[in-house]
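*Asks:* what follows is a predicted protein model with its sequence.
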Amino acid sequence: MAKNNGRSKAASFFSDGFFFVGGGLVAFLLVWALWSFFALSPSPTPTPTPSFSTSSFSAAVPESCDGGGGVSGPNLRYDPPEKNFYDDPKLSYTIDTPPVKNWDEKRREWLKQHPSFAAGADRRILLVTGSQPTPCKNPIGDYLLLKLFKNKVDYCRRHGIDIFYNNVLLHPKMFSFWAKTPTVKAAMLAHPEAEWIWWVDSDAAFTDMDFELPLEKYNHHNMIIHGWPHLIYEKQSWTSINAGVFLIRNSQWAMDFMDTWARMGPQSPEYDKWGEIQKSTFKDKIFPESDDQSGLVYLLLKDKDKWGDKIYLESGYYFEGYWMEIVGNFENITERYKQVEAAEGRLRRRHAEKVSEGYVPVWEEHLKEAGYGRGSWRRPFITHFTGCQPCSGDHNQMYSGQTCFDAMQKALLFADNQVLRSYGYVHPDLLDPSTVVPLPFDYPAS
């Protein structure tokens, strides 16, 4: 059910029920996949054929830090013959089966079997997003969601983050916003190498392509969401958090949490009961169905010792920010950043996209006084189009569909300009996605 109640509305299945882009998306993903494959072996010099056969996969390839094709990194061709949790016939990826136990130990054992994944394991992230399996009802919904997906791919490429895009319901009854829970559980099992699973709704866009999650800040927590403690514990509001973007540690705690959270979903025989509990607990909730966001706030409120103490309520920056308080500032932010670049030659220097992270410390020297959040001239990290429902078009009646469309275009082009900068181009107009102009040498000083 769409919930058009403003700022912190829980997102539907990857926001509002989502899309399948058909042939266009398939072609896009095919090109991206082929590009990624060939990028593994950029040198035209032939490399020796490894001792490898599909009939003896794990036994044929020795463990090393060679990722294949002479590229240093995790060895993607090697899986040792020793058994691990994947060989357990009782293991199930589904959300409504017996819970996974001893997951921390199983992950550690898997990493011991695959030592080439050890480097950077504590910071490794898998971003998870997706869409519905059918076309969008909104005529431009598939177009918008494809561009929003492209935005996530851009961010992940720049920061070395893997991305999983799901466009099926992994549980047929867990539709809409509840579809994220079985998806995240399956992702944890499919990616034991990842320390963090990062769920990002489809209607959320990265609008600071340089910003990185401050993972060291979360060393003692297992889940990070955008929220405000006083709205949870004093006001008891269902809009005290936004469940459309969250970071969760790949751990036994997370396995247990996802199972507990999912018990409030539509596949559960207690679904109606949980709807009544949530409605009576949160006086500002106007619809009767149990939803994921209210369920998460309820667990924070009623079981703080077990869950709340391990959940970090992030409000120090735009972990996700409400689009209506953000999009009107993009032009001003752009001008302020241009002023910094005009005065700082190091930031005007052309460089490969792959080394963009190396310029972040230089930016930070000049952004110390920019602030974060509302009123800041720092780029907002994630702009979330809560209430716009780009796939269904059933937007909140507080604003028009055209307002949502224009705001999304501005956010996406604002982000795309940060990407295109490495390719020598820029969109001069944030409402014109078709036009780009080449940038002169030493821009913007020139």
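*Replies:* The structure has been received and is ready for your questions.

*Asks:* quick check: residue 102 touching residue 252?
*Replies:* Yes. In terms of Cβ atoms under 8 Å, residue 102 counts as a neighbour of residue 252; the distance is 7.0 Å. Quick note: C-beta positions are derived from backbone N, CA and C, even for glycine.

*Asks:* of the two, who's got more company?
*Replies:* When neighbours are counted by other Cβ atoms under 10 Å, residue 102 and residue 252 differ, and residue 252 comes out ahead with 18 against 12.

*Asks:* identify the residue spatially nearest to that one, adjacent ones excluded.
*Replies:* Counting by Cβ to Cβ, 6 or more residues apart in numbering, the nearest residue to residue 252 once its immediate chain neighbours are dropped is residue 103, at 4.3 Å.

*Asks:* for the protein, what's the longest strand?
*Replies:* Criterion DSSP state E: the longest strand present in the chain is strand 241-249.

*Asks:* quick check, residue 383 in a strand?
*Replies:* Yes. Counting by DSSP: H, G, I helix; E, B strand; the rest coil, residue 383 is found in a strand.

*Asks:* quick one: the strands in this protein?
*Replies:* Applying DSSP E to the chain gives strands spanning 125-130, 162-166, 196-200, 204-206, 223-227, 241-249, 311-314, 321-322, 382-384, 425-426, 437-438.

*Asks:* which ones are touching the closest residue to residue 442 other than its chain neighbours?
*Replies:* Counting by Cβ to Cβ, 6+ apart, the nearest residue to residue 442 once its immediate chain neighbours are dropped is residue 348, at 5.4 Å. Residue 348 makes contact with 341, 342, 442, 443, 444, 445 under the criterion Cβ atoms under 8 Å, 6 or more residues apart in numbering.

*Asks:* quick one: contacts for the spatially closest residue to the first one that is not a sequence neighbour?
*Replies:* Counting by Cβ to Cβ, 6+ apart, the nearest residue to residue 341 once its immediate chain neighbours are dropped is residue 347, at 4.7 Å. Contact criterion Cβ under 8 Å, 6+ apart gives 340, 341, 359, 362, 363 as the residues in contact with residue 347.

*Asks:* residue 131 versus the second one, what's the distance?
*Replies:* Residue 341 sits at a distance of 36 Å from residue 131 (criterion: Cβ to Cβ, to the nearest Å).

*Asks:* same question, residue 274
*Replies:* Separation of residue 274 from residue 131 (Cβ to Cβ) stands at 26 Å.

*Asks:* who has more neighbours, these two?
*Replies:* residue 131 (30 against 20).

*Asks:* can you give me the buried ones in stretch 119-127?
*Replies:* Within stretch 119-127, the residues that count as buried by 16 or more other Cβ atoms under 10 Å are 121, 124, 125, 126, 127.

*Asks:* how about stretch 263-276?
*Replies:* Using 16+ other Cβ under 10 Å as the burial criterion, the residues of stretch 263-276 that qualify are 263, 264, 265, 266, 267, 268, 271, 274, 275.

*Asks:* as PDB, could you dump the C-alpha coordinates of it?
*Replies:* Extracted C-alpha coordinates of stretch 263-276, given in PDB (Å, rounded to 0.1, in the frame of the first residue of the first chain):
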ATOM      1  CA  ARG A 263       7.400 -11.500  11.400                       C
ATOM      2  CA  MET A 264       5.400  -8.300  11.200                       C
ATOM      3  CA  GLY A 265       5.000  -8.700   7.400                       C
ATOM      4  CA  PRO A 266       2.100  -9.800   5.200                       C
ATOM      5  CA  GLN A 267       3.400 -13.400   5.000                       C
ATOM      6  CA  SER A 268       3.000 -13.800   8.700                       C
ATOM      7  CA  PRO A 269      -0.200 -15.100  10.400                       C
ATOM      8  CA  GLU A 270       0.200 -12.200  12.900                       C
ATOM      9  CA  TYR A 271       0.200  -9.500  10.200                       C
ATOM     10  CA  ASP A 272      -3.200  -8.100  11.100                       C
ATOM     11  CA  LYS A 273      -2.300  -8.200  14.800                       C
ATOM     12  CA  TRP A 274       0.800  -6.200  14.200                       C
ATOM     13  CA  GLY A 275      -1.200  -3.700  12.200                       C
ATOM     14  CA  GLU A 276      -3.400  -3.100  15.200                       C
END
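
*Asks:* run the chain-centre distance for that stretch.
*Replies:* What separates the centre of stretch 263-276 from the centre of its chain is 27 Å, taken as Cα atoms, centre = their mean, to the nearest Å.

*Asks:* returning to what we had before: so of the buried residues of stretch 263-276, which ones are in helices?
*Replies:* Of the positions in the buried residues of stretch 263-276, 271, 274, 275 sit in helices, assigned by DSSP state H.

*Asks:* below-threshold pLDDT in the protein: ranges please.
*Replies:* Within the chain, the ranges that satisfy pLDDT under 70 run 1-71, 446.

*Asks:* rerun that using 80 as the cut-off
*Replies:* Where the chain drops to pLDDT under 80, the residues are 1-72, 174-176, 446.

*Asks:* so what's residue 263 up against?
*Replies:* Applying Cβ under 8 Å, 6+ apart, we find residue 263 in contact with 270, 274.

*Asks:* which stretches of this structure form helices?
*Replies:* Per DSSP H, the chain has helices spanning 23-39, 57-60, 103-113, 141-159, 180-190, 229-233, 252-262, 271-281, 292-302, 330-343, 345-348, 360-367, 401-420. These are given in chain order.

*Asks:* looks like residue 118 contacts residue 124 (just checking).
*Replies:* No. With contact defined as Cβ under 8 Å, residue 118 does not count as touching residue 124 (10.2 Å).

*Asks:* about what we covered before: kindly reformat the ones in helices among the buried residues of stretch 263-276 as CSV containing distance to residue 416.
*Replies:* Output for those, formatted as CSV (distance: Cβ to Cβ, whole Å):
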residue, distance to residue 416
271, 41
274, 41
275, 41
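
*Asks:* ok, so of the residues you listed, who is nearest residue 234?
*Replies:* When these are compared for distance to residue 234 (Cβ to Cβ), residue 274 comes out closest, at 22.9 Å.

*Asks:* the closest one touches residue 295, doesn't it?
*Replies:* Yes. Under the criterion of Cβ under 8 Å, residue 274 is in contact with residue 295, at a separation of 6.9 Å.

*Asks:* so what sits against both of these two?
*Replies:* Jointly contacting residue 274 and residue 295 under the rule Cβ under 8 Å, 6+ apart are residue 264.

*Asks:* ok so, going back, so which of the contacts of residue 348 is the most crowded?
*Replies:* Top of the contacts of residue 348 by neighbour number is residue 341, holding 19 neighbours under the definition other Cβ under 10 Å.
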